[in-house]
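J.: quick one, fold the following:
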Amino acid sequence: MSEKVGKIPWVVRSNPMVNLWFKVLIFGSFVAVLIGCFIRSSISKDFATYKFIDSEFWSRSYSDWSSVSPVDLSQFREAANNDSNLKPWISANFGANYSSNLIDRWLAPGGEPCRDSATVGIRFPCLDNNGSSILLSTGDIHEFVFQALDVSGNVHCLGGDYFETDLSGERWKSRPPVQDLGNGSYTFSLQVHPDFAGDYNLTITLLFRHYEGLKYSPERFAFDQVVSVIPVQFYTSSSQLPELNQCRSSDYSRDVWSGRWTRHAQNDSCPISADGRYRCQEPDFPCEKPWCEGPLGSIESNGWVYSAHCSFKMFTKDEAWNCLNNRWIFWWGDSNHCDTIRNLLNFILDVHEFTAVPRIFDMNITNPEDPSQVVRFTNIFNGHPNSTGNYQGLNSLIDPEYRTLLKSYFSGEVIPDTIIMNSGLHDGVFWPNIRRFIRGAEYAASFWGEVLEEVRKRVGTPPEIVYRTTVATGGYARKLAFNPQKMEAFNGVVLEKLRSHGVVGKVIDDFDLTFPWHFDNRCNDGVHYGRAPLKMKWRDGIVGHQYFVDLMLAQGFGQTLEEDPEEVERRPWRNKILFFAPHSMFMAFKFSWASALKISLLVLIIGSVGVACFTLPVDKILKDFLVWIENDLGPWGPIMLAVAYIPLTVLAVPASILTLGGGYLFGLPIGFLADSLGATVGAGAAFLLGRTIGRSFVISKLKDYPKFRAVALATQKSGFKIVLLLRLVPLLPFSMLNYLLSVTPVPFLHYLLASWLGMMPITLALVYVGTTLKDLSDVTHGWNDFSKTRVAFILLGLVISVLLILCVVRVAKAALEKALAENEDIQDDVFSPTLPTNMEPSLDLHDSLIIRIDPVQDGHDN
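T.: Numbering: from 1, shown residues only. Here you go, the predicted model:
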């Protein structure tokens with residue numbers, strides 16, 4: 001035994017190797033924490049929970065809205081001459097001054113019985129089919145007008161009702177667009193191509209009355225009743241329609257599409273495969289022109305395909321790579337973008353490394369068969385400035401850090417060449433009324449207009465913007481805060497504002513594309529149409545689900561991204577993309593010499609830690625360290641023991657031997673205090689590292705912890721409680737729990753206090769076991785001979801400790817399961833790249849609507 005040091009206890013004489021390496025580890029951990037705090041002030045704080053000052057946003061002035069323009073019925077009538085056999089395709093539009101007209105109608109006064117009543121049914125003035133089919137010719141546009149009726153059968157003479165229409169046959173599904181005439185009358189048009197003559201059903205559902213779908217909490221106002229089902233027989237006529245051409249760049253200029261889904265194959269004996277997919281036709285099963293071109297089997301739709309005023313090309317893998325090679329595609333929108341990117345990678349580009357795409361994602365993707373072909377995908381979530389949060393939508397742009405993050409991608413020498421954006425479902429939850437949303441959309445359009453103008457001044461040609469309209473939410477979600485009436489109105493407002501600022505270039509109408517499939521949850525979980533295939537029970541109780549609607553959208557994006565050679569010449573920075581594309585771990589840094597220095601320091605620290613972990617005999621060092629504490633440190637021992645937890649916790653090394661050694665060395669009171677404080681401080685250090693410089697790395701590792709999805713969701717409502725229970729229940733690996741929790745919105749002080757309290761039982765048990773050990777060598781080198789009384793005493797203590805721990809864990813486990821179950825219905829794919837997206841029956845963006853109730857039921861502003 002070496003001589004103990006009195007005046008200079010920090011000098012280790014028993015083991016010089018421990019002295020050297022332990023100091024290196026301690027120094028490295030403190031340097032990492034210091035750099036983390038330093039960098040935290042300069043990177044995007046996308047983990048924080050922000051509070052906004054209204055005056056910063058609402059102080060902007062806005063012009064008054066113009067008056068409602070008169071309704072022109074001629075735009076809904078046949079545009080072709082009656083004596084011509086060539087008829088035009090049906091079309092629709094939002095109309096001029098969409099936002100101001102919407103406001104005026106929304107605020108239309110009552111004061112008369114017919115205006116103050118509520119719609120419960122409809123009547124077709126010139127149609128009395130008595131349940132029998134009505135005969136219509138193919139090719140022609142057939143216009144119908146119907147009148148809203150109140151409960152007494154009287155005419156309701158105020159607009160704003162939202163009717164869902166569905167025209168379905170065996171090989172055709174479409175949404176006939178409804179035009180609100182503002183006086184309780186509505187018009188729609190039917191048209192079917194001559195190739196699809198046959199029997200149809202026209203179903204009309206009244207979902208909301210007088211703009212009640214635009215309310216803050218609309219669920220309790222939903223009517224959701226089928227008001228008419230009309231059998232229709234389309235017979236073949238001499239009328240013809242212009243042949244659909246493959247979509248070109250100019251075809252994406254329309255804000256509203258009037259498309260249809262047509263079916264060109266059907267395999268009724270198509271079983272679901274083990275991976276949850278429906279391979280009903282061969283992948284190279286060809287499209288039928290003019291409805292599409294290419295391999296229809298690639299979207300696994302059992303013969304269904306979407307077309308509008310033009311038809312789409314189904315890209316093969318090689319064609320898609322040739323289109324995207326050396327491109328930088330920037331996605332800004334809600335989490336539906338995550339699904340589309342994943343499906344594009346897995347189904348079209350044949351890249352299977354990504355089972356899911358996180359809300360914040362920046363990666364160079366390489367063609368597995370041709371490493372020379374690379375595309376960069378950047379995805380920035382717009383539902384909240386904190387990527388783990390929800391329900392902010394366009395209001396996220398109020399946050400200056402979030403705006404800085406977005407601008408950083410467009411301020412360097414290399415910038416994205418295409419931006420795909422949407423407003424998203426989160427806007428439906430955040431904005432209290434349509435007037436506020438119009439202001440928010442104006443602000444968002446102004447922001448992106450400024451970004452593009454700065455790019456235009458610096459490099460000449462700005463990125464092209466493709467706007468993807470928000471989906472038609474399906475099934476149960478049709479009545480919630482992001483219902484189809486609200487999302488359709490929001491789409492129109494955003495597009496009008498973007499065009500007024502010269503922002504949007506192309507539009508792909510995902511609302512029209514998804515609408516024919518939104519009546520139930522067979523093709524969606526309510527808010528997503530692109531959930532990954534999985535052979536498990538779906539929302540509607542059936543094993544498996546349909547995912548082809550989002551695959552169709554991904555194929556549609558392909559043609560929006562095709563460019564002419566002249567366009568490439570106007571973007572000289574294109575060939576530099578691959579050299580400047582940062583990987584996801586550093587994507588929050590704006591490129592500068594300062595950020596380069598920070599990244600270099602981070603790489604150096606990680607390298608040093610990695611070398612230490614893989615080259616040092618960690619177990620031997622811990623044992624020698626305990627010997628050193630006992631022999632050399634004296635009263636400094638408990639403090640040193642507590643400090644030792646920091647590097648071990650940061651390196652995710654189990655520290656149980658320290659806990660046991662603390663009990664033996666210092667007894668139960670002092671050993672428990674030292675171990676408890678040390679473990680808590682170490683957990684806090686690891687939490688801060690994961691929340692700052694290591695955040696992106698932690699997110700990339702979440703795919704290994706699928707159980708963490710439910711935990712992350714639950715922390716949004718009960719952060720302190722969930723952390724406390726997780727410390728008591730071994731649901732997740734203890735060594736990684738600090739880092740996993742760092743990417744949740746749990747406040748740091750709440751995390752620290754809950755961790756300290758939650759780790760007390762296991763710490764107390766281990767310290768107690770340590771106090772019963774005969775000698776330190778029993779901890780480090782095995783058990784020595786014991787007397788029978790001593791053995792019985794130790795065994796009794798161990799049994800009692802185990803029983804106490806089991807009781808605590810059992811109670812905590814029940815509480816944790818209850819807490820997680822309470823959050824099942826507000827699942828969101830948050831930030832994890834592999835969070836299970838469709839394993840549970842409850843889905844995204846749900847429960848928050850139940851707890852957010854209008855304080856006043858009457859009046860639009862409430």
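
J.: lowest average confidence, helix or strand, in this protein?
T.: Lowest mean confidence among the helices and strands of the chain (mean pLDDT, DSSP states H and E): helix 848-851, at a mean of 27.

J.: let me see the contact set for Asp509.
T.: Going by CB atoms under 8 Å, 6 or more residues apart in numbering, Asp509 touches 254-257, 259, 308, 469. For every residue, glycine as well, the C-beta is placed using N, CA and C.

J.: scratch that, Glu288 is what I was asking about
T.: The contact partners of Glu288, by CB under 8 Å, 6+ apart, come to 264, 296.

J.: now swap in His426 and tell me
T.: So His426 contacts 334, 382-384, 390-393, 482, 845 (CB under 8 Å, 6+ apart).

J.: ok, Pro177 next?
T.: Contacts of Pro177 were listed using CB under 8 Å, 6+ apart, and they are 90, 92, 165, 188-189, 256, 258.

J.: can I get the contacts of Asp509 in TSV with pLDDT?
T.: Formatted as TSV, the contacts of Asp509 follow (pLDDT from 0 to 100):
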residue	pLDDT
Arg254	91
Asp255	92
Val256	93
Trp257	94
Gly259	94
Ala308	94
Thr469	95
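
J.: farthest pair in the residues you listed?
T.: The span of those, defined through CB to CB, is set by Asp255 and Gly259 at 13.5 Å.

J.: my guess is Ile230 contacts Leu136, does it?
T.: No - with contacts counted by CB atoms under 8 Å, Ile230 stays clear of Leu136, the gap being 10.5 Å.

J.: output stretch 550-560 as CSV, restricted to C-alpha atoms.
T.: Taking C-alpha atoms only, stretch 550-560 is exported to CSV below (Å, rounded to 0.1, in the frame of the first residue of the first chain):
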residue,chain,number,x,y,z
ASP,A,550,-47.9,9.6,-51.8
LEU,A,551,-45.9,7.5,-54.3
MET,A,552,-48.0,9.1,-57.0
LEU,A,553,-47.1,12.5,-55.6
ALA,A,554,-43.4,11.7,-55.5
GLN,A,555,-43.6,10.7,-59.1
GLY,A,556,-45.3,14.0,-59.9
PHE,A,557,-42.5,15.9,-58.2
GLY,A,558,-40.1,14.3,-60.7
GLN,A,559,-41.4,16.3,-63.6
THR,A,560,-41.5,19.6,-61.6
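
J.: hey, where'd the strands end up in the stretch 201-350 of the chain?
T.: Secondary structure of the stretch 201-350 of the chain (DSSP state E, counting those that start in this stretch): strands located at 225-235, 260-263, 292-293, 304-307, 312-313, 327-333.

J.: against Thr316, how distant is the nearest residue to Glu282 once chain neighbours are set aside?
T.: Spatial nearest neighbour of Glu282, excluding adjacent residues (CB to CB, 6 or more residues apart in numbering): Gly297 at 5.2 Å. Distance of Gly297 to Thr316, given as CB to CB, to the nearest Å: 11 Å.

J.: same thing with Ile360?
T.: 30 Å.

J.: same question for His309.
T.: From His309 to Thr316 the distance is 24 Å (CB to CB).

J.: sorry, back to before: adding neighbour count, write the contacts of Asp509 out as CSV.
T.: Output for the contacts of Asp509, formatted as CSV (neighbours: other CB atoms under 10 Å):
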residue, neighbour count
Arg254, 18
Asp255, 21
Val256, 20
Trp257, 25
Gly259, 22
Ala308, 23
Thr469, 25
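
J.: tell me the one among the residues you listed nearest to Thr715.
T.: Thr469 (32.2 Å).

J.: before we move on, the earlier item: number of nearby residues for the residue nearest to Glu282?
T.: If you count neighbours by other CB atoms under 10 Å, Gly297 ends up with 20.

J.: likewise for the one 3 residues further on?
T.: Number of residues near Glu300 (other CB under 10 Å) recorded here: 20.

J.: what pLDDT does it get?
T.: Per-residue confidence (pLDDT) for Glu300: 94.

J.: wait, it touches Cys280, no?
T.: Yes - applying CB under 8 Å, one finds Glu300 in contact with Cys280, separated by 7.0 Å.

J.: low-confidence regions, the stretch 101-250 of the chain specifically.
T.: Applying pLDDT under 70 to the stretch 101-250 of the chain flags the ranges 126-131.

J.: Val543 and Arg342: what is the separation?
T.: Distance, Val543 to Arg342, using CB to CB: 21 Å.

J.: now swap in Ile380 and tell me
T.: Distance, Ile380 to Arg342, by CB to CB: 16 Å.

J.: looking at the contacts of Asp509, which are in helices?
T.: Judged by DSSP state H, those include no members of helices.

J.: which of those lies closest to Thr404?
T.: Nearest to Thr404 among the contacts of Asp509 is Thr469, at 27.7 Å by CB to CB.

J.: these two touch, right, that closest one and Asp510?
T.: Yes - Thr469 is within contact range of Asp510, at 5.1 Å (criterion: CB under 8 Å).

J.: which residues do these two both contact?
T.: What both Thr469 and Asp510 touch, as defined by CB under 8 Å, 6+ apart, is the set Asn422.

J.: quick check: which element contains Ile699?
T.: Taking DSSP states H and E as the criterion, Ile699 maps to helix 695-701.

J.: surely Thr378 forms part of a strand?
T.: Yes - per DSSP: H, G, I helix; E, B strand; the rest coil, Thr378 lies within a strand segment.

J.: ok, back up a step: which one (most neighbours) among the contacts of Pro177?
T.: Counting neighbours by other CB under 10 Å, Ile90 comes out on top of those with 24 neighbours.

J.: which phi and psi does that one have?
T.: phi -60, psi 150 (degrees, to the nearest 10).
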